[in-house]
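Asker: My questions are about this predicted structure, shown below with the sequence.
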Amino acid sequence: IFSCTNDYDPGLIENLGMKEQPLRIITKVLTTKSPNFMQEFTRGSVIGLHVVSESTGNIYDSNPDYKNVRAEALNYKLNWRQSPDIYLNEEPVTVYAYYPYQSQVNFDPENIPVRISPDASLTKDYMYGIQASGQRAVNQISPVALLNMNHTLSLLSFQLRMTPEAEGCFLLHAIQAGGTALCFRGKMNIKTGNIGGCAGTNASTRLKLNTPRMLKKIPDEPQQLMVIPTSRIRTDGDVEVLFIINETTFKYKIPANTKWEKGKRYIYNLLFNGKDITLENVSTSEWLPVEGNMENTIL
């Protein structure tokens, strides 16, 4: 029997017969209230773990199996089954995570493939996980890592409404974003969530509504799609958003010098008079905090 303390003696632990302990993880996700985007991990969700030594940054215990560990959520309490299990000794670890899991023979934690689908409903909600600040060292004494999962894409939210003087019935069928400043694939750094290696020009992603929405003179539910963050919009029209209304295409050009950052939601309030689409206002909000602490984590 020994008491809990902030100080520990590895020799004492060895004498007491303490063995390596399996790593446990707890995840936290915050996001917008939308059925299209990750609210929380559910049973069957799979993430990847990258486990390194806290002091050296090298693969923990020199075990190559700890480079890209598959972890599957077992139930609503988010118990995660890892394959293989990660056993910790007295050396502290740093745990990184990403979603969705990708089985890669030559796994590179700084170059995880990211892809935007032409069908916006099929684009993955790519995420990266970092250990929450404020927790104690993760090792065999305290083998629990608290992970904040952060979105790595940008979320575009469009609210289109009719002007007061507009007349007629108008149905919104689809929204498409594309242009030379958008990429359709890249490489994500698991430690920072930044996406590099941008590839593809004139890439576009299209959100087709299952049921057309009648445009009203009051704001309706926004339509949302995800894109790779960009700071390459240098002139008006480098990115265009197309609205298919009554089977006719109407265009809105994203203004020059617009920047979309990872983990942020951009809300565009637009007006439609039956002939043209104009911007009423645009605002930015956090899609998910980048940093958190374990006091806000629900165990």
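Answerer: Structure received. Source: prediction; values computed, not measured.
Asker: Can you list phi and psi of D65 for me?
Answerer: Main-chain torsions, D65, degrees, to the nearest 10: phi -70, psi -10.
Asker: Distance check, it against S285.
Answerer: Separation of D65 from S285 (Cβ to Cβ, to the nearest Å) stands at 40 Å. Just so you know, the C-beta spots here come from the backbone N, C-alpha and C atoms, and that holds for glycine as well.
Asker: Would you mind measuring from the most centrally placed residue in the chain to I195?
Answerer: Nearest to the geometric centre of the chain sits H151, at 2.1 Å (Cα atoms, centre = their mean). Applying Cβ to Cβ, the value for H151 to I195 is 12 Å.
Asker: which residues do these two both contact?
Answerer: K262 (Cβ atoms under 8 Å, 6 or more residues apart in numbering).
Asker: hey, where'd the helices end up in the stretch 151-299 of the chain?
Answerer: Assigned by DSSP state H, counting those that start in this stretch, the stretch 151-299 of the chain shows no helices.
Asker: Show me the shaky parts of it.
Answerer: 201, 288-299 (pLDDT under 70).
Asker: end-to-end on stretch 190-208?
Answerer: 31 Å (Cα to Cα, to the nearest Å).
Asker: That stretch: how far from the chain's middle?
Answerer: Distance of stretch 190-208 from its chain centroid, counting by Cα atoms, centre = their mean, to the nearest Å, is 12 Å.
Asker: Likewise for stretch 155-166?
Answerer: Its chain's C-alpha centre and that of stretch 155-166 lie 26 Å apart, by Cα atoms, centre = their mean.
Asker: mind saving the C-alpha coords of that stretch as CSV?
Answerer: Below are the C-alpha coordinates for stretch 155-166, written out as CSV (Å, rounded to 0.1, in the frame of the first residue of the first chain):
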residue,chain,number,x,y,z
LEU,A,155,-16.7,25.5,-42.4
LEU,A,156,-18.7,27.7,-44.8
SER,A,157,-22.2,28.5,-43.7
PHE,A,158,-24.6,30.2,-46.2
GLN,A,159,-27.9,31.9,-45.2
LEU,A,160,-29.8,33.1,-48.3
ARG,A,161,-33.0,35.1,-47.9
MET,A,162,-35.2,37.1,-50.2
THR,A,163,-35.2,40.9,-50.3
PRO,A,164,-38.4,42.6,-49.0
GLU,A,165,-39.4,43.7,-52.5
ALA,A,166,-38.8,40.4,-54.2
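Asker: Tell me the buried residues in that stretch?
Answerer: Using 16 or more other Cβ atoms under 10 Å as the test for burial, stretch 155-166 gives L155, L156, S157, F158, Q159, L160, R161, M162.
Asker: circling back: which one's more surrounded, D65 and S285?
Answerer: D65 (14 against 11; other Cβ atoms under 10 Å).
Asker: Would you enumerate the residues in contact with that one?
Answerer: Contacts of D65 by Cβ under 8 Å, 6+ apart are P84.
Asker: Strands along the stretch 151-299 of the chain, start to end?
Answerer: 154-162, 171-179, 185-188, 195-199, 203-214, 223-227, 240-245, 248-253, 264-272, 277-286 (DSSP state E, counting those that start in this stretch).
Asker: Among those, which comes closest to Y60?
Answerer: strand 185-188 (21.3 Å; Cβ to Cβ).
Asker: Please enumerate residues in contact with that closest one?
Answerer: 98, 110-116, 126, 128, 152, 194-200, 228.
Asker: chain center to that strand: distance?
Answerer: 13 Å.
Asker: Report the buried residues of it.
Answerer: Across strand 185-188, burial judged by 16+ other Cβ under 10 Å covers G186, K187, M188.
Asker: Between those, which sits nearest S55?
Answerer: Using Cβ to Cβ, the buried residues of strand 185-188 come closest to S55 at M188, 25.2 Å.
Asker: Next, find the distance separating the closest residue to the closest one other than its chain neighbours from K67.
Answerer: Nearest non-adjacent residue to M188, counting by Cβ to Cβ, 6 or more residues apart in numbering: I112, 4.5 Å away. Distance from I112 to K67, counting by Cβ to Cβ: 12 Å.
Asker: And the nearest residue to S283 once chain neighbours are set aside, how far from V282?
Answerer: Closest residue to S283 apart from its sequence neighbours, by Cβ to Cβ, 6+ apart: I267 at 4.8 Å. Plainly put, I267 is 7 Å away from V282 if you go by Cβ to Cβ.
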